[in-house]
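In: Sequence plus the predicted model coming up.
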Amino acid sequence: MEHVLAKPRVETGANDNLLLEVSGLRKGYGKKQALNEVTFSLRAGTSFGFLGPNGAGKSTTMKILTGIVKADGGQVKLFGRDITNNTGAVAEYIGYVPQEITLYEKMSAYDNLEFFGQAYGVRGNELKLRIREVLEKTGLGDRAKDEIKTFSGGMKRRINIAAALLHRPKLLILDEPTVGIDPQSRNHIFEMIRELNNEGVTIIYSTHYMEEVEVLCDEIAIMDQGSIKASGPLGELLERYGRQAIYMEAAGMKEPPRDPDVIKTTKEGSGWIMETANVGEVMQRLLLAASQQRYDVKQLEVVRPSLEQVFLTVTGTALRD
Ligand SMILES: Nc1ncnc2c1ncn2[C@@H]1O[C@H](COP(=O)(O)OP(=O)(O)OP(=O)(O)O)[C@@H](O)[C@H]1O
């Protein structure tokens with residue numbers, strides 16, 4: 001197989017650490033503009049989450065990264081090299097786990113892995129070694145000789161991920177790998193991804209489950225209607241787009257508490273949530289006012305910004321799971 005890329009250089013400076021640079025990707029299907037100027041970059045070693053509802057354009061972006069779908073415009077660079085619309089990078093550097101299971105049902109797990117390994121150009125004893133290695137990661141080594149059709153959806157998914165690891169990719173792209181699978185396999189997949197990331201594999205993980213990116217990813221891109229609405233480390237997104245708020249509940253308090261620094265007040269259970277940029281001072285004033293008016297304060301606490309709130313702020317809609 002022709003190698004289209006030079007081996008990555010030893011990474012020294014901040015920019016050398018960029019594994020993937022995606023700029024201005026555009027893609028239309030007929031009249032439907034699926035992607036509109038998608039731009040993001042990825043440092044080596046990151047676990048990057050693509051969060052967005054169905055139809056946001058996550059799969060299209062990933063298929064363009066792997067060269068399966070051709071972009072109408074824009075550029076994809078891997079280790080500084082242009083790989084736009086080029087499938088060669090997948091063979092050498094990228095492992096891709098598509099949304100659909102792509103295994104042969106009538107073949108054993110082992111034979112499937114052998115087939116995919118050969119397709120990636122791995123042969124002989126090296127292939128045997130790598131099959132053992134990836135099977136160990138799946139936790140399904142004892143089922144290696146069983147036909148795939150006897151596996152649960154989650155187990156098939158684990159083998160499918162294993163198949164994408166045989167050429168030891170630097171970047172692993174997983175498109176909604178936990179949709180419709182049992183919790184045990186889901187946990188196992190999470191563990192596999194964490195282990196790979198700890199070993200230095202860069203991860204792109206697409207999902208419409210908020211809690212998955214929260215536990216798995218150190219950087220997040222929020223995607224909606226064909227473009228990235230916000231991206232960055234979770235903490236930064238929370239800081240930039242999540243509003244700080246205070247929850248207050250006091251016996252006998254019929255009207256919402258008032259304070260000039262409160263931007264918005266909403267009723268929540270028996271109390272109120274007050275959004276403010278000035279949590280500390282507002283809290284003090286609320287306490288003082290409550291004691292002057294002799295209210296018995298039951299609860300007064302800071303409400304931490306959530307990813308859900310960030311999503312709402314940047315897209316204008318709630319993410320429907
Ligand atoms: N082959 C295709 N032909 C026509 N339209 C398509 C095709 N593939 C995707 N689309 C449309 O492009 C838009 C983006 O789809 P895409 O699959 O990339 O989104 P997604 O975020 O991955 O959602 P999902 O989780 O449903 O796959 C959607 O409106 C979808 O209907």
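Out: Noted; the coordinates are in hand. All figures in this text were calculated on a predicted structure; none of them were measured in a lab.
In: burial count for the residue of the stretch 101-250 of the chain found nearest the ligand?
Out: Nearest residue of the stretch 101-250 of the chain to the ligand: Glu176, at 5.7 Å (CB to the nearest ligand atom). Bear in mind the C-beta positions are built from the backbone N, C-alpha and C, glycine included. By the criterion of other CB atoms under 10 Å, Glu176 has 20 neighbours.
In: Just to check, it is in contact with Glu100?
Out: No: contact status for Glu176 versus Glu100: not in contact, 10.1 Å apart, counting by CB atoms under 8 Å.
In: what sits against the residue of the stretch 101-250 of the chain closest to the ligand?
Out: Taking CB atoms under 8 Å, 6 or more residues apart in numbering as the criterion, Glu176 is in contact with Lys58, Ser59, Gln99, Ser206, Thr207, His208.
In: And the pLDDT at the spatially closest residue to Met210 that is not a sequence neighbour?
Out: Of all residues not flanking Met210 in the chain, Leu307 sits nearest, at 5.3 Å (CB to CB, 6 or more residues apart in numbering). Reading off the confidence values, Leu307 has pLDDT 89.
In: Leu307 and the ligand, how far apart?
Out: 17 Å (CB to the nearest ligand atom, to the nearest Å).
In: Check Gly55 too.
Out: Gly55 sits 4 Å away from the ligand, going by CB to the nearest ligand atom.
In: All the strands of the protein, residue numbers only.
Out: Under the criterion DSSP state E, the chain contains strands at 18-29, 32-43, 47-51, 73-78, 81-82, 94-97, 171-175, 202-207, 219-224, 227-233, 245-251, 262-268, 271-276, 296-303.
In: Contact residues of this protein facing the ligand?
Out: Proximity of the chain to the ligand, by CB under 6 Å from any ligand atom, involves residues Tyr29, Lys32, Ala34, Gly52, Asn54, Gly55, Ala56, Gly57, Lys58, Ser59, Thr60, Glu176.
In: Spatially, which two of the residues you listed are the most separated?
Out: Lys32 and Glu176 (19.8 Å; CB to CB).
In: follow-up on the earlier one: how many other residues sit next to the residue nearest to Met210?
Out: By the criterion of other CB under 10 Å, Leu307 has 21 neighbours.
In: got it, and Ile101?
Out: So Ile101, with other CB under 10 Å, has 15 neighbours.
In: again, but for Ser291
Out: 11.
In: What of Glu249?
Out: For Glu249, the neighbour count with other CB under 10 Å is 17.
In: Pretty sure it sits against Ile273.
Out: No: using CB under 8 Å, Glu249 is not in contact with Ile273; the gap is 10.2 Å.
In: Next, work out how far apart Val22 and Gly55 are.
Out: 20 Å (CB to CB, to the nearest Å).
In: and the two? which has more neighbours close in?
Out: The neighbour comparison of Val22 against Gly55 (other CB under 10 Å) goes to Val22, with 22 against 14.
In: Quick check: bridge partners of that one?
Out: Phe40, Val76 (DSSP bridges).
In: what are the phi and psi values for Glu100?
Out: Phi and psi for Glu100, reported as degrees, to the nearest 10, are phi -90, psi 140.
In: What is the burial count for it?
Out: Counted by other CB under 10 Å, the residues lying close to Glu100 total 7.
In: cool, and the one 5 residues further on?
Out: Other residues within reach of Glu105 by the criterion other CB under 10 Å amount to 12.
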